[in-house]
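Participant: Attaching a predicted model along with its sequence, questions to come.
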Amino acid sequence: MASKMASCIFCKIIKGKLMSSRPKIPCFKLFENEKTLAFLDINPLSQGHALVVPKFHGEKLTDIPDDHLTDILPITKRLVKATGAVEYNILQNNGKGAHQEVGHVHFHMIPKPNPQEGLG
Ligand code: 5GP
Ligand code: ZN
């Protein structure tokens with residue numbers, strides 16, 4: 001576990017060592033408390049695409065103790081409100097075969113652009 005943590009991009013971000021695996025591309029912290037960090041996805045699927053990340057290293061949801069997950073939903077809801085999204089996807093992948101790219105549990109909050117935006 002220790003060696004996996006040392007090479008984990010999200011553990012490095014949590015420790016404040018970097019905000020991006022590609023340092024020249026800006027990456028923004030949105031929310032932080034004792035247990036949780038939220039920041040913008042470096043390769044967003046839509047404007048406001050955020051990642052909500054427990055500050056506990058574990059690859060899959062089932063690896064994380066419940067008390068490290070208690071803030072995930074309230075923070076995700078706050079981010080949805082902050083973007084003004086009416087429709088959105090919450091996504092959470094577990095394992096390479098399930099399309100997990102970063103081996104540290106995270107929840108995607110992906111706003112759908114509002115249909116009225118950009119018109120008139
Ligand atoms: P997964 O496929 O594991 O569910 O999603 C991982 C997400 O993390 C991807 O959407 C990817 O763009 C994002 N990501 C990977 N490396 C970094 C990084 O260094 N900084 C930020 N902000 N996002 C990252
Ligand atoms: Zn980690």
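Facilitator: Now that the structure is in, tell me what you want to look at. Numbers count the residues shown, from 1 in each chain. Ligands and ions are numbered 1, 2, ... in the order given.
Participant: Alongside ligand 1, which residues does this structure contribute?
Facilitator: Contacts of the chain with ligand 1, taken as CB under 6 Å from any ligand atom, map to 9, 20-21, 27, 39-43, 51, 93, 99-102. C-beta: built from backbone N, CA, C; applies to glycine.
Participant: of those residues, buried ones?
Facilitator: Buried subset of the residues of the chain next to ligand 1 (neighbour count, 16 or more other CB atoms under 10 Å): 9, 20, 27, 39-42, 51, 93, 100.
Participant: What about those residues, which are in helices?
Facilitator: Counted as lying in helices by DSSP state H, out of those, are I9.
Participant: V102 contacts I9, correct?
Facilitator: Yes: between V102 and I9 a contact is recorded at 5.9 Å, counting by CB atoms under 8 Å.
Participant: which residue is nearest the centroid of this protein?
Facilitator: Centroid check for the chain by CA atoms, centre = their mean gives L51 as the closest residue, at 1.4 Å.
Participant: How much space separates G84 from ligand 2?
Facilitator: G84 is 31 Å from ligand 2, where distance means CB to the ion, to the nearest Å.
Participant: Once you drop chain neighbours, what's closest to that residue?
Facilitator: Once flanking residues are discounted, G84 sits nearest to N114: 7.0 Å by CB to CB, 6 or more residues apart in numbering.
Participant: ok, the one you found - how many residues close by?
Facilitator: For N114, the count of nearby residues is 13 (other CB atoms under 10 Å).
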